[in-house]
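Q: need a structure here:
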Amino acid sequence: MKINTQYDGWELQSFDEASNFRKYQMEKIKSFIKDKKILDVGSGNGGLIKYYQKETRKISVFEPSKNLNIELKKKFKKDKIMIFNNKNQIRQKYDVILYMDVIEHIKKYENEINLILKKISKNGVLIINVPAFNFLYTDFDKSVGHIKRFSKKDFYYLSKKFKLKIKKLEYYDSIGFFLIFLSKFLFNFYLENKNVSKNIRIWNNLIPLSKIIDKVLFNKVGKSLICILEKK
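A: Model prediction:
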């Protein structure tokens, strides 16, 4: 699993404080992880783990970054969570494997998916969350190591290539989409690194409105894209 082991996740703390968005993400996936044995790949500093713990106690995480892995072990020292930093340590199979905003950091992500499918139980699911629409790719994406942003076409292709059944595929967070669009093409302010924390707080407060607009627009646009794939 060739994820950047030097990635320091400088932006993770700001996004982890975006509780409205994190809860919205969980609404998309919680029915698939309820009481399941899960592996979270690329857990960063573990911002989503506390949300997983509300749905299941059978949690393992894989984080190749040395510094972030140490941080995870300190943070969840008292929890019954298996924390890996080497793919060879992962010898069991899981009902659910999650890549929550991870594969956009991996250049050869198709190889990554091919490898991880061997760790999913029969009829298990692969959950992938990614930034959406490559025309929205910004300097901020580049600064945090994003290789690209994704569209539904990418996942139709992956589902056919690996013979996976799409259980859910939808864009979400329309407000985030419009903020990035305005920033990139009109104002160039939203994702400047020096304003990241402030602007993430503003965006997070708008998530309730984003949820309403998503329904009105039938999830046709969004800052993020969620895909849930079943291993046949």
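
Q: drop to CA atoms for contacts and neighbour counts, all remaining ones
A: Will do.

Q: buried ones in the helix or strand encompassing Leu68?
A: For Leu68, the element it lies in under DSSP states H and E is helix 66-75. Neighbour counts over helix 66-75 (16 or more other C-alpha atoms under 10 Å) mark 67-69, 72-73 as buried.

Q: name the nearest of these relative to His146.
A: Leu68 (18.0 Å; C-alpha to C-alpha).

Q: hang on, the earlier thing: can you add pLDDT and distance to Asn123 and give the buried residues of helix 66-75 back as TSV?
A: Shown next, in TSV, are the buried residues of helix 66-75 (pLDDT from 0 to 100; distance: C-alpha to C-alpha, whole Å):
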residue	pLDDT	distance to Asn123
Asn67	90	34
Leu68	91	31
Asn69	93	30
Leu72	94	29
Lys73	93	30
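
Q: just give me the closest of these to Ile29.
A: For these, the closest approach to Ile29 (C-alpha to C-alpha) belongs to Leu72, at 22.3 Å.

Q: what's near enough to touch that closest one?
A: Shown in contact with Leu72 (C-alpha atoms under 8 Å, 6 or more residues apart in numbering): 44-46, 83.

Q: which one of these has the most neighbours?
A: Compared across the contacts of Leu72, Gly44 has the highest neighbour count, 27 neighbours, by other C-alpha atoms under 10 Å.

Q: and the longest strand for the protein?
A: The strand that spans the most residues within the chain, counting by DSSP state E, is strand 120-131.

Q: immediately after that strand, which helix or strand?
A: Once the chain leaves strand 120-131, the next helix or strand it forms, by DSSP H and E, is helix 139-143.

Q: would you tell me which helix is longest in this structure?
A: In the chain, ranked by residue count with DSSP state H as the criterion, the top helix is helix 19-33.

Q: check the average confidence over the helix or strand following it, would you?
A: Following helix 19-33 in sequence order, the next helix or strand is strand 38-41 (DSSP H and E). If you average the pLDDT over strand 38-41, you get 98.

Q: could you do stretch 224-232 as well?
A: Averaging pLDDT along stretch 224-232 yields 96.

Q: next: stretch 179-186.
A: On average, stretch 179-186 scores 86.

Q: and that stretch, how far from the chain's centre?
A: A distance of 22 Å separates the centroid of the chain from that of stretch 179-186, by C-alpha atoms, centre = their mean, to the nearest Å.

Q: and stretch 69-80, by the same measure?
A: Computed by C-alpha atoms, centre = their mean, the chain-centroid distance of stretch 69-80 equals 20 Å.

Q: that stretch: end-to-end distance?
A: Chord length of stretch 69-80, first to last residue, is 15 Å (C-alpha to C-alpha, to the nearest Å).

Q: what's near enough to touch the residue nearest the centre of the chain?
A: By C-alpha atoms, centre = their mean, the chain has its centre lying nearest to Met100, at 1.7 Å. Counting by C-alpha under 8 Å, 6+ apart, Met100 touches 40-43, 127-130.
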